[in-house]
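Trainee: Pasting a predicted model and its sequence here:
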Amino acid sequence: MATSEAVRQVMSGALPRFGCFSICLRNINGVVSVKSGVNNARKRSSVSAQVCTNARVSWDRRRICAFQGRNDVFHGKNHVGRFDSLSCKCQQAENFRGATAEDQHGEIFVDESDKAIPFPPNGVTSPTPDNYEFKPDQQLKHEDGGFGSNSKATAARKSTGSTQKSKANLIEEEAWTLIKNSMVYYCNNPIGTIASNDPSSPSTLNYDQVFIRDFIPSGIAFLLKGEYDIVRNFILYTLQLQSWEKTMDCYSPGQGLMPASFKVRTVPLEGDDFATEDVLDPDFGDSAIGRVAPVDSGLWWIILLRAYGKCSGDVSVQERVDVQTGIKMILKLCLADGFDMFPTLLVTDGSCMIDRRMGIHGHPLEIQALFYSALLGAREMLAPEEASADLARALNNRLVALSFHIREYYWIDLKKLNEIYRYRTEEYSYDAVNKFNIYPDQIPSWLMGFMPSTGGYLIGNLQPAHMDFRFFSLGNLWSIVSSLATDEQSHAILDLIESKWDDLVAEMPFKICYPALEGQEWQIIAGSDPKNTPWSYHNGGSWPTLLWQLTVACIKLNRPEIAAKAVEVAEKRISTDNWPEYYDTKRARFIGKKAQLYQTWSAAGYLVTKLLLADPSAAKKLVNEEDSELVNALSCMISASPRRKRGWKKQILV
């Protein structure tokens, strides 16, 4: 209904049209077609969007196009003709499918020097100091004495401290340069950053695309730096790529699904030998390895939308009709009824950051933490209207059930481990202790030595007769950030990280999961994946981008010294190693065998960490605080008798 209303408003003129589109609706297999109004005499300065409908692909692959002249373009060619190239004359992303929001913050990277930066075919330049845009604080604070000190020891300490700070500043500058040079432009506006810009890589695979999950740390870095336009553009342009039409084709995205990534492609304009058009081509997983749809993209999109409003103060974006509709479509997709009895989100293997077969199908912790955070963010941003009452009610009910389920059944510490060790099985009752029929023999031998006397964590997965005891970093850290874990559990997670520092951090933060699958277990669960060999990639590899989630969690709990220690470890190598995607071996001593260099989110994760440690108060804009209403509802839920609740339902039915 919300979707139909948005379309009706556009057609009636109540809302601005898509750039310079001339919209007409045509029902072909249930797909809405949007035609462009192109000036046949001058086809080089307009925008069009069209829906491709062919025999092979029946869903709505959106092509949002911008035309360019013969002298190259602004976002991804070998060079830019500063004076004689024709720029796109279409409206900015603010005018797409919604009410216009006033730009209170100006534009970034649109001055003439930026437009003249040469870009190679993958849309970015190699990192060079000349292209550096941002100017981090270069001041060095001298400690351990004043300028008049004659002590050699004091002078040595001052010199060492200054050298370390200078090195840190140079690393930050290099990281900003890397991010800026990975920026992708569309309609002369920055709309995201590509995954990697490794000049030494013979094959870019899909690393030259803008991934939603990969852009999150880049977007947070821009927000913390006060550069809001690129994040706003990213939010609104990716919204245009959201799947709106649900079809029966087994390779079609469900309604509301956000793409995993998109790419700006330049294609010749039919009928004109000298003009081309730029096309935003989304990937919903249909071309990804394993052909798995991304569950986390929509959740990250909502999280970034909330962060944009908190950091910029511009809530007009989230109040737009099209954005409100996009939020509701994501929620309806996630809250849809199914056969699953658990409040957790049921997903397939490879549907999140761990995007390959790793035995995380079912209810992986990472998705549940992002799901909980997105639900909280959506509840804050949804407009209080009567049409959303049912959705808000379902959202609140899911929040209570999800938080109870994760806190109660996913948590493990030494006490809970002893309880599982003595579990009785085959219990049939409403008040059974071993509710999921977990067999004690499932406890792995490594866990006996890994579990500290103080501290604990949330396990990776829970299903009937199965507990995945592996420690998954993103899920645990984001459970702290989103307040999915209790305050006591959150501190226990950081206690475990400190006590197991050599296992989880070692020589480069941060292990994506611990331990790695090895031997026959790796062959069966990971399918002998040659990229996911033990202690590599998603199978126990170390990912520098996880630094920023660790930092937000530490600052929230007022323990920033843990994050500061991790940054010191990273700074010893990450720049020298050319910002790898991940590191191999148990102690992270080697750059990943198949890791891309100049990985954007490795640099962005480092920058977000540095910005947050410099201004810890900024972390408040990224976290979800404990909700008192949820706490009260949880207390009632815990104290209620399952038998009494079931009996009450029977009475209602009678």
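Mentor: It's in.

Trainee: mind listing what the residue most central in space within the chain touches?
Mentor: The structure's the chain has its C-alpha centroid closest to residue 213; by CA atoms, centre = their mean the separation is 3.0 Å. Under the criterion of CB atoms under 8 Å, 6 or more residues apart in numbering, the neighbours of residue 213 are 260, 294, 296, 297, 300, 352, 353. C-betas here are computed from N, CA, C, even on glycine.

Trainee: And it, how close does it get to residue 226?
Mentor: Distance of residue 213 to residue 226, given as CB to CB, to the nearest Å: 23 Å.

Trainee: Identify all contacting residues around the helix or strand harbouring residue 488.
Mentor: Following DSSP states H and E, the helix or strand that holds residue 488 is helix 487-499. Residues from elsewhere that reach helix 487-499, judged by CB under 8 Å, 6+ apart: 407, 411, 413, 452, 454-458, 471, 476-477, 479-480, 485, 504-505, 550, 553-554, 556-557, 559, 562, 626.

Trainee: which is the next helix or strand following it?
Mentor: helix 501-504.

Trainee: what does the average pLDDT come to for the helix or strand just after that next one?
Mentor: Beyond helix 501-504 in the direction of the C-terminus, DSSP H and E gives the next helix or strand as strand 513-514. Throughout strand 513-514, pLDDT has a mean value of 98.

Trainee: and if you look at stretch 410-421?
Mentor: Averaging pLDDT along stretch 410-421 gives 96.

Trainee: Contacts for that stretch, please.
Mentor: Outside stretch 410-421, the residues within contact range by CB under 8 Å, 6+ apart are 365, 368, 433, 438, 440, 443, 447, 451-453, 455-459, 462, 467, 469, 485, 489, 492.

Trainee: which among those residues end up buried?
Mentor: When the contacts of stretch 410-421 are checked for burial by 16 or more other CB atoms under 10 Å, the buried set is 365, 368, 438, 443, 447, 451, 455-459, 462, 467, 469, 485, 489, 492.

Trainee: In strands only, show me the residues you listed.
Mentor: Taking DSSP state E as the definition of strands, those contribute 456, 457, 458, 459, 462, 467, 469.

Trainee: Which two of those have the greatest separation?
Mentor: Taking CB to CB as the measure, those span a maximum distance of 15.0 Å, between 456 and 462.

Trainee: Report the backbone C-alpha coordinates of stretch 522-530 in CSV.
Mentor: Once side chains and other backbone atoms are set aside, the C-alpha atoms of stretch 522-530 remain, and they are given as CSV (Å, rounded to 0.1, in the frame of the first residue of the first chain):
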residue,chain,number,x,y,z
TRP,A,522,37.1,-28.1,7.4
GLN,A,523,36.6,-30.6,4.5
ILE,A,524,33.0,-31.3,5.6
ILE,A,525,31.7,-28.0,6.8
ALA,A,526,33.6,-25.6,4.5
GLY,A,527,33.5,-28.0,1.6
SER,A,528,37.4,-28.0,1.3
ASP,A,529,37.1,-24.3,0.2
PRO,A,530,40.7,-23.4,-1.0
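
Trainee: buried sites along it?
Mentor: Residues of stretch 522-530 classed as buried under the neighbour-count rule (16+ other CB under 10 Å) are 522, 525, 526, 529.

Trainee: closest to residue 579 among the residues you listed?
Mentor: Closest to residue 579 out of those is residue 529 (24.3 Å), distances taken as CB to CB.

Trainee: so who does that closest one touch?
Mentor: With CB under 8 Å, 6+ apart as the criterion, the residues that contact residue 529 are 356, 357, 539.

Trainee: For the last one, list each beta-bridge partner.
Mentor: Per DSSP bridges, residues listed as beta-bridge partners of residue 539: residue 536.

Trainee: What's the local residue count around it?
Mentor: Residues within reach of residue 539, counting by other CB atoms under 10 Å, total 25.

Trainee: Contacts only, for it.
Mentor: 358, 513, 516, 517, 522, 526, 529, 532, 533.

Trainee: Tell me which of those fall in helices.
Mentor: Assigned to helices by DSSP state H, the following of the contacts of residue 539 qualify: residue 522.

Trainee: Dump the contacts of residue 539 into TSV; add distance to residue 272 as well.
Mentor: Output for these, formatted as TSV (distance: CB to CB, whole Å):
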residue	distance to residue 272
358	48
513	52
516	55
517	55
522	55
526	50
529	47
532	47
533	50
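
Trainee: Tell me the one of the contacts of residue 539 nearest residue 194?
Mentor: Closest approach between the contacts of residue 539 and residue 194, by CB to CB: residue 532, at 23.5 Å.

Trainee: excluding its backbone neighbours, what's nearest that closest one?
Mentor: Leaving aside its chain neighbours, residue 532 sits nearest to residue 539 (4.1 Å; criterion: CB to CB, 6 or more residues apart in numbering).

Trainee: Relative to residue 514, how far out is that neighbour?
Mentor: Remark: distance between residue 539 and residue 514 (CB to CB) = 11 Å.

Trainee: And for residue 370?
Mentor: 20 Å.

Trainee: swap in residue 318?
Mentor: Between residue 318 and residue 514 the distance, using CB to CB, works out to 37 Å.

Trainee: Pick out whichever of these two has more residues nearby.
Mentor: Regarding residue 318 and residue 514, a neighbour count based on other CB under 10 Å identifies residue 318 as having more, with 23 against 19.

Trainee: OK, contacts around the residue nearest to residue 340 when sequence neighbours are not counted?
Mentor: The shortest distance from residue 340 to any residue that is not its chain neighbour, by CB to CB, 6+ apart, is 4.6 Å, and that residue is residue 346. Applying CB under 8 Å, 6+ apart to residue 346 gives the contacts 338, 340, 362, 363.

Trainee: at 10 Å instead, please
Mentor: For residue 346, the residues meeting the contact criterion (CB atoms under 10 Å, 6 or more residues apart in numbering) are 295, 338, 339, 340, 361, 362, 363, 364, 367, 463.

Trainee: element containing the fourth one, please.
Mentor: Following DSSP H and E, there is no helix or strand that holds residue 340.

Trainee: Quick check: it touching residue 363?
Mentor: Yes. Using CB atoms under 10 Å as the test, residue 340 is close enough to residue 363 to be in contact (8.4 Å).

Trainee: who's more crowded, these two?
Mentor: The neighbour count for residue 340 versus residue 363, taken as other CB under 10 Å, is higher for residue 363 (23 against 11).

Trainee: Does that one touch residue 406 like I think?
Mentor: Yes. Counting by CB under 10 Å, a contact exists between residue 363 and residue 406, whose distance comes to 9.4 Å.

Trainee: Now for those two: what residues contact both?
Mentor: Taking CB under 10 Å, 6+ apart as the contact rule, the neighbours common to residue 363 and residue 406 are 343, 344, 371, 462.

Trainee: Could you give the number of residues near residue 618?
Mentor: 19.

Trainee: Renumber starting at 409 from here on
Mentor: Noted, 409 is the first residue going forward, which turns the last one into residue 1026.

Trainee: Make sure it is indeed in a strand.
Mentor: No. Counting by DSSP: H, G, I helix; E, B strand; the rest coil, residue 1026 is located in no strand; its state is helix.

Trainee: So it is in contact with residue 1019, correct?
Mentor: Yes. With contact taken as CB under 10 Å, residue 1026 and residue 1019 are classed as touching, separated by 6.9 Å.

Trainee: Pull up the overlap in contacts between these two.
Mentor: Overlap between the contact sets of residue 1026 and residue 1019, as judged by CB under 10 Å, 6+ apart, is given by 628, 631, 632.

Trainee: Just the buried ones among those residues, please.
Mentor: For the shared contacts of residue 1026 and residue 1019, a neighbour count by 16+ other CB under 10 Å gives the buried set as 628, 631, 632.

Trainee: Please name the nearest non-neighbouring residue to the second one.
Mentor: Looking back up the chat, that one is residue 631. Leaving aside its sequence neighbours, residue 631 sits nearest to residue 719 (CB to CB, 6+ apart; 4.0 Å).

Trainee: so what's that neighbour up against?
Mentor: For residue 719, the contact set (CB under 10 Å, 6+ apart) comprises 627, 628, 630, 631, 632, 633, 634, 636, 639, 1026, 1029, 1030.
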